[in-house]
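just to be clear, the model below is a prediction. Sequence and coordinates:
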Amino acid sequence: MTETERPRRPWKLVVVLGSVLVFLLGGATTIVLQRYVPVLLPPLDSALGYQPLAASKVAWPRLNACDEKTLVAMQDGLIGSPAAISYPAGEDPRDGVISAGGGSYLEGNLTVALATKDASTAQVVGLRTKIFRTIDSEVSWILNAGGGGCGGIDIRLFEAHLDEGGRVVDKGVQSVQEEPVAPPKKQPLGTGFTVSGTDQAQIVVRALSCRHSYAWGLEIEYIVSGQHYTYSLGTPEEPLISLGHRNPKTKLYVDDDSFDQQPPRSAPVVGAELQGESQCRPGSS
């Protein structure tokens, strides 16, 4: 062996060992990526705000154009009467009250359409309300907009009892005057209640507020590919408003067909029984 040959063997050994190490590390990296990335990415997506579920608010607090019963109201300190609100032509006046900061009175219906953004399947496993705050202001006025009505259509109904901390009760399939975006699902919430991009569902959450008024939101719990997510409708800055604590000074306004040409007429609320008051006595303990 000559002098010039001696240094070559260590370098060859280093190259060989390095190649083996790269191979082993590469295999280990592949195993780590295959095993942990599918687990780590969904929580990261959730933390960054990505949601596989697309939950759209179809209507609040009325049941689309078919609702003839839902009342809306305004709390003290905001707008003095319905006549002070600007209503676009052809718009349901109740929508204008909500846009101006008002809320439902005694009960309101949040209609939500559920689907995924791609071909994945979401299992809807839970619904819960999140009460951001209790509203101390009294109800200044109530608007009874009346309306037409549609034939009886089945919907999937849940009740949110805000006076009981927002407890949600599954009422199953109910027939109401409403035209759904998609046929109602009959399965209970859980792994059997699924939606996808091609298999949509619609639910209605009926918020009940009797003794107090609330600013609240809805949280939808669901699972995609084993990962748990929560989709929120309503925020502390832009909550859903449910009013329920009126007093004898509260004014009742009644809509008519000429609402867009003249202010609604006012009627005393004392002695009048409004929708839902036979089951719910505002202000009672």
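Nice, I can see it. Since this is a predicted model, take the numbers as computed values, not measurements.

the protein: helices as residue ranges?
Applying DSSP state H to the chain gives helices spanning 8-47, 93-99.

and those helices, which one's lowest on average pLDDT?
Lowest mean pLDDT within the helices of the chain: helix 8-47, a mean of 55.

burial count for the closest residue in space to residue 155 that isn't next to it in sequence?
Nearest residue to residue 155, sequence neighbours excluded (Cβ to Cβ, 6 or more residues apart in numbering): residue 204, at 5.0 Å. (Each C-beta comes from the backbone N, C-alpha and C, glycine too.) The number of residues packed near residue 204 is 22, by other Cβ atoms under 10 Å.

got it, and residue 198?
Residues near residue 198, counting by other Cβ under 10 Å, number 9.

likewise for the one 3 residues further on?
By the criterion of other Cβ under 10 Å, residue 201 has 22 neighbours.

any idea how far it lies from residue 242?
For residue 201, the distance to residue 242 (Cβ to Cβ, to the nearest Å) stands at 24 Å.

residue contacts, residue 249?
Counting by Cβ atoms under 8 Å, 6 or more residues apart in numbering, residue 249 makes contact with residue 138.

can you check residue 232 too?
Contacts for residue 232 (Cβ under 8 Å, 6+ apart) come out as 130, 217, 218, 219, 220.

the first one is in contact with residue 214, isn't it?
No. Residue 130 is not in contact with residue 214 according to Cβ atoms under 8 Å; the separation is 10.3 Å.

those two: who's more crowded?
The residue with more neighbours, out of residue 130 and residue 214, is residue 214; 23 against 17, by other Cβ under 10 Å.

isn't that one up against residue 135?
Yes. Assessed by Cβ under 8 Å, residue 214 is found in contact with residue 135 at 6.3 Å.

how about the CA coordinates for stretch 80-100, as CSV?
Output of stretch 80-100 as CSV, limited to C-alpha atoms (Å, rounded to 0.1, in the frame of the first residue of the first chain):
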residue,chain,number,x,y,z
GLY,A,80,-86.7,54.9,19.7
SER,A,81,-89.2,53.3,17.3
PRO,A,82,-89.4,51.2,14.1
ALA,A,83,-90.1,54.4,12.1
ALA,A,84,-86.5,55.5,12.7
ILE,A,85,-85.1,52.6,10.8
SER,A,86,-84.5,52.6,7.0
TYR,A,87,-86.0,49.6,5.3
PRO,A,88,-85.0,48.6,1.8
ALA,A,89,-87.9,48.0,-0.6
GLY,A,90,-89.2,44.5,-0.4
GLU,A,91,-87.3,43.6,2.7
ASP,A,92,-89.0,42.0,5.7
PRO,A,93,-89.1,44.7,8.3
ARG,A,94,-87.9,42.3,11.0
ASP,A,95,-84.6,42.0,9.1
GLY,A,96,-84.2,45.7,9.3
VAL,A,97,-84.8,45.7,13.1
ILE,A,98,-82.1,43.0,13.5
SER,A,99,-79.6,44.9,11.3
ALA,A,100,-80.2,48.0,13.5
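
which positions within it qualify as buried?
Buried residues in stretch 80-100, counting neighbours by 16 or more other Cβ atoms under 10 Å, are found at 82, 85, 87, 92, 93, 94, 95, 96, 97, 98, 100.

possible to save these as CSV with distance to residue 75?
Listed next are the buried residues of stretch 80-100 as CSV, based on distance: Cβ to Cβ, whole Å:
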residue, distance to residue 75
82, 14
85, 14
87, 19
92, 20
93, 17
94, 16
95, 18
96, 16
97, 11
98, 13
100, 11
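
from the residues you listed, which two are the most distant?
Every pair in the buried residues of stretch 80-100 was compared (Cβ to Cβ); the two farthest apart turn out to be 92 and 100, at 13.3 Å.

could I get the full set of strands for the stretch 151-285 of the chain?
In the stretch 151-285 of the chain, the segments counted as strands under DSSP state E, counting those that start in this stretch are 152-161, 167-177, 194-196, 201-208, 213-224, 227-233, 240-243, 251-254, 265-268.

helices or strands next to the biggest strand by length in the chain in the packing?
The residue-count maximum for a strand in the chain (DSSP state E) belongs to strand 121-135. Judged by 3 or more Cβ pairs under 8 Å, 6 or more residues apart in numbering; DSSP states H and E, strand 121-135 is in contact with strand 107-116, strand 167-177, strand 194-196, strand 201-208, strand 213-224.

give me the neighbour count for residue 251.
Using other Cβ under 10 Å, residue 251 has 19 neighbouring residues.

ok, the nearest residue to residue 220 once chain neighbours are set aside - contacts?
Nearest residue to residue 220, sequence neighbours excluded (Cβ to Cβ, 6+ apart): residue 231, at 4.4 Å. Counting by Cβ under 8 Å, 6+ apart, residue 231 touches 51, 53, 55, 219, 220, 222.
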